[in-house]
Structure formats: C-alpha cells, structure tokens
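this is the structure alone, sequence omitted:
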C-alpha cells in the first residue's frame, strides 16, 4: 500500500472528438514516485514520458500538468502547494510554476497525484473534475465558459463557485491567457502560477478555468510522528528566520537592494532608484491600510495586502469601488518590475498596475521587463511609440491594457522582450532583459554575480526561485562583485535545494529554519510515506530532478551557448557602482565550471 500518494495521475483529453472531456487514470509506480516525489519533479517526469519537449507548447497535443506532492493534505505548514509544469510558450524550454492554495488540497482529493490536460476544447470551457469518494475514478465534464470570456481571474473564480458551489476550488486564466500572451498566468485566490506562460498553454486548450472538488484522502504511514513534526515545524516557522516576511513581506528587500546598487532601474541601466523610498513597505504601511493573510496551511503569513486609496481619517465618508475593496498583494518583484525598472516612483500607479496584472492574468516580472525594454527602445529611437516613456504612469497602465488585449503595440509586447527585440532590430537583443526568453527578476547581475551565474544556467531561464544564489552573494562566502570559481558549488547547492523544495512541496520561506534540510526533509517524507529515506538519498533526488529538467531542454533544442546573459551585463560596468563589472570571460569560466560539476 502507498502512503501519502494515490499511485496514479489523471490524463484528461478535452478535444472535440470526445463527447465531453475523457479522463484516463494512469498508474504511477512507487519507483517513479520515490525518484521524483511530486510537484516539479513529477511534472517534468510526466512531460518526458509524454514527449512534450518535441511539441509546440500551444499545440492541442501539448500536455499541461498540475502536479501535487506527498505532503499535500498533511498538517505540515506551507505544504498546500501545486506545480504547473509544461513546455513554456515564452522560452520553449521547461517551465514549472508553483502556487499555494486550496486548489492543491482539493486537487489531490480527486484521487490522483497529478492532472494532465491535453487537447483543445471546441469552445471556451470550464473543466469540472469531481470525486465523491465512492468510485475509483473522478468524473470530468466541460461546461461552457462563454459568459466568462474576457473576465478577470477573480471574477471568473467567484462566478464559477457561485454557479457550481462554494466547495469547488477554481484555477483560472484572465484575458491575457485567452489572448495567448506568452507570459500569462494561472490564478487561484489571487495567487499565481506566474512565470513562463502556463496561462497561455491553458488558453490554447480553450479552457478558461478548472474547477475541482474531491473527497478521496490518502493515509499517512506514521500519523503520530507526522503530528509531532508538524507541531515542531509550525513552532519554528514563527522564529526570527521568517520574521521579515511576517512584518513587511518580500518587499522588505527593496531598500536593501537599493543600498547595494542591486535594484534594477530603467531597464537595468542603473542599480539605484532615486524614488525607491516611495515604494518601500515602510512608506506604504505609513500611508495605506494594510491587512495580512496566509496561504492555506501556512503559519508564516507573508501576504501583505495594501489598499489602493490612502488611509482615510476616522469619521470620513468612505466610498470605494470593487477594485479598491480588493486591495493589492504587494511583493518585491511587483514593486521592482512595475516601479524602478520602468522608472516609476508613484506608488499609486505601481499598485494599480500590479492589481491590473493580477486581473488580466499577467506575470508582473515579464510584463514590467518587456515594457521597460520597449521604453528604452523608444528612448534610443528604435521604436516609434513616443508615448511610452520611462517614468510615465499613464504609459505603464496603457501598455498593460494593450498587452492583455493584444492590441496595437501590445500585440508585440505580448510576445516577451526576446521576440520583441528580434522584431524591432537595431541589435536591441543586447539590452533585452532576458535569459532563454524569460525576463530577469529584480536582482542586478553585475552587483550579485553568483546570482548572475544562477540566471545564466537556469533551466527555466532567469529565475530567482529555481536558484537561490543571491543568498550566497549576501553571505560572507563570496565577494558578490568579483566572484571566483568557488561560487559555483554554492550556486549548485541552492539550485538542488530549490528543486527538492519544489517537489516535496514546501515553501522556500522555510529554508532558513532548517539546521539539516535534507535530513529533516527525509524525516517528513518518512512520516508521510513510510519510506526509510535518508538525507543523502534526497540529495541524489534533487540532482536527478535538475538533470531531468536539463534533459527536457536538451530534447527541446538547448545548446550550451544559451547559458549566458545579455551583452549589456557583460560589456558595461554598473554605472552607479563601477566596481560591479562582469566580463564575458568571467561568466564563461563560471558557466563552464558549472557544466563540469553538473557532468554536462
């Protein structure tokens, strides 16, 4: 008997050749589960088995996987997460995006460890999947989503739950996914499987949303041990290692990065933004109403939701619209990508832009990165769109609307900065802020050079969630502005650790509370599954998962030359910190050593 798993995934074909959606329950053997665990690891294994690396990611036959994990449904804090795994329409390489939500718990209660969706529905539809606990297999059906065409993610989810029942959990796409914007997201309860365009893959299948309701549970191998581990983990999650997330959230990094000349500004032309204080969480907290929320089963509570309007005096007549009532979830990446990167220090504009990206279902990093790139192209005279200027809040908001609708200039920007650069010409690819097509997050590579390596070699492209190399840069292990080959093994360690956390799945905000992460992860897995796993085994598992992602990319056409950074970072020192200079030769040395240590 398997503990913690159902031992199968559900393969669902939504093609019109079916009377409705057809579901097949495909067994998963224990060896595969133990080798790839769940989440990102299991997702990439299923894609490899399906031959997805050779398929156009927007073709009907391209598979999209929602992968759960052995810990989902357990009392372990932060374990209610799912991974969406596919070939990316933005990069044409592997893409795995994670989100925390009740969708993960409800999805696993369908009696499966993953959902795989293939085909294309005849009309825009809601895929409904339910399991009442009595039968072996979940039931699936398609319901017309015509009335939700063009609706925001939030309105779609609320409407579907009103139609079907409050006990359904819904993941949806916004207008951006319907229009196949290559960095469209999949949303659930305001959280997003955001990067790489999984929303476009779902949109290409004519699926507006997936609604799930299940009652089939798994059993735990050692429930008493699991309860004790859960209590201990929850207690430690309240400690100093997570304090900054509770108090100010990820946005607390903004002023720190600005001090280190590492806050990307005006399309990475600078590492310091003169209006950074306007966007800081300290300033937002002082001027706006704020609430704090937690993801399902999470004890940290890192979500900080700010009102769009300024704080209202006591006794004032308060009239707000629905958007104002919802507030805005504020993260560092939103503030950087829609703020400093576009030269905008007006917090009202940045919050409204962030909220609009959430409603449209747009990845804020790729949206901001592509818009900032276009702004610099306008400055250089390469793009005849004089309204699109750094510092213009109206231009930012207009560009976001055009991207979500794929209208006018938005049709080009919806392709991402790499494709836009090839269309614009003028060798603008040298300033396009991307790696493998994925826009660079809010870490200036010249000032954080271990992170520069992490970006260059990332299987998903430039990525701060699949490589935690910035942690190394902020430690005493390296000189962040002049790294040596010693940094490579540290970067690999953060990549392996992230791969395991994304496959178990637990939140990366817990990483600072573990004294022996692999050993403690083995203890959690043992309590859930009964496997006598060891820390060394899980180290091997992490490396296996990273290798599987690289193998997928190799099959999809990857070459070693892709593991690099745009020319801007390799030929021009950081203007506000000339000591932060990264040459092409130095990066090539780091990348070659990475390839050697990975056995590539």
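Sure, I can see it. Note that the coordinates shown come from a computational prediction; the quantities given were computed from them, not determined experimentally.

output the below-cut-off pLDDT ranges for this structure.
Low-confidence segments of the chain (pLDDT under 70): 17-20, 241-249, 290, 292-304, 310-326, 508-509.

that one - how does it break down into domains?
Split into domains by automatic domain parsing, the chain comes to 8-214, 237-435.

would you turn those into TSV with mean neighbour count and distance to residue 507?
To be clear about C-beta, it is placed using only N, CA and C from the backbone, and glycine gets the same treatment. Shown next, in TSV, are the domains of the chain (neighbours: other C-beta atoms under 10 Å; distance: least, C-beta to C-beta, whole Å):
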stretch	mean neighbour count	distance to residue 507
domain 8-214	23	4
domain 237-435	20	7
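
by contact count, what packs against whichever strand or helix holds residue 202?
Applying DSSP states H and E as the criterion places residue 202 in helix 198-204. Here helix 198-204 touches strand 64-67, strand 81-87, helix 175-178, strand 186-188, going by 3 or more C-beta pairs under 8 Å, 6 or more residues apart in numbering; DSSP states H and E.

turn the ones you listed into TSV, columns for distance to residue 284.
Shown next, in TSV, are those (distance: least, C-beta to C-beta, whole Å):
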stretch	distance to residue 284
strand 64-67	33
strand 81-87	27
helix 175-178	26
strand 186-188	23
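
closest one to residue 487 among the domains of the chain?
Distance to residue 487, taken as C-beta to C-beta, is lowest for domain 237-435 among those, at 15.9 Å.

show me what contacts the nearest residue to residue 58 once chain neighbours are set aside?
Counting by C-beta to C-beta, 6 or more residues apart in numbering, residue 58 lies nearest to residue 204, which is 4.1 Å off, once chain neighbours are set aside. Neighbouring residues of residue 204 by C-beta atoms under 8 Å, 6 or more residues apart in numbering: 57-60, 62, 89, 120, 180.

and the gap between residue 204 and residue 539?
37 Å (C-beta to C-beta, to the nearest Å).

neighbouring contacts of the helix or strand harbouring residue 522?
If you go by DSSP H and E, residue 522 is part of helix 517-529. The contact list for helix 517-529 (C-beta under 8 Å, 6+ apart) reads 2-5, 34, 37, 70-71, 74, 76, 220-223, 225-226, 229, 233, 497, 500, 504, 506, 511, 514, 531-539.

out of the helices and strands packed on helix 198-204, flag the one nearest residue 385.
Across those, closest to residue 385 is helix 175-178 (C-beta to C-beta), at 20.1 Å.

quick check: longest helix of the chain.
Longest helix in the chain, counting residues (DSSP state H): helix 535-556.

next SSE downstream of that helix?
The helix or strand immediately downstream of helix 535-556 is helix 567-571, counting by DSSP H and E.

buried ones in that following helix?
568-570 (16 or more other C-beta atoms under 10 Å).

for it, packing partners?
On a contact count with 3+ C-beta pairs under 8 Å, 6+ apart, helix 567-571 meets helix 584-598.

now do the helix it packs on and helix 535-556, the angle between them.
Relative orientation of helix 584-598 versus helix 535-556 (axes from the mean of the first three to the mean of the last three C-alpha atoms, to 10 degrees): 120 degrees.

picking up where we left off before, show me what the longest helix of the chain is packed up against.
Other elements packing on helix 535-556 under the criterion 3+ C-beta pairs under 8 Å, 6+ apart are helix 30-36, helix 39-50, strand 94-100, helix 486-504, helix 517-529, helix 584-598.

coming back round to it: tabulate the contacts of residue 204 (TSV), appending secondary structure and distance to residue 480.
Converted to TSV, these look like this (DSSP: H, G, I helix; E, B strand; the rest coil; distance: C-beta to C-beta, whole Å):
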residue	secondary structure	distance to residue 480
57	coil	35
58	coil	39
59	coil	42
60	coil	46
62	coil	39
89	coil	34
120	coil	47
180	coil	39
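
pull the most distant pair out of those.
Across the contacts of residue 204, the longest distance by C-beta to C-beta is 14.3 Å; it joins 89 and 120.

and the helix holding residue 522, what's buried?
So for helix 517-529, counting by 16+ other C-beta under 10 Å, buried means 517-518, 520-529.

and stretch 556-573, by the same measure?
Buried-residue list, stretch 556-573, by 16+ other C-beta under 10 Å: 556, 558, 562-566, 568-570.
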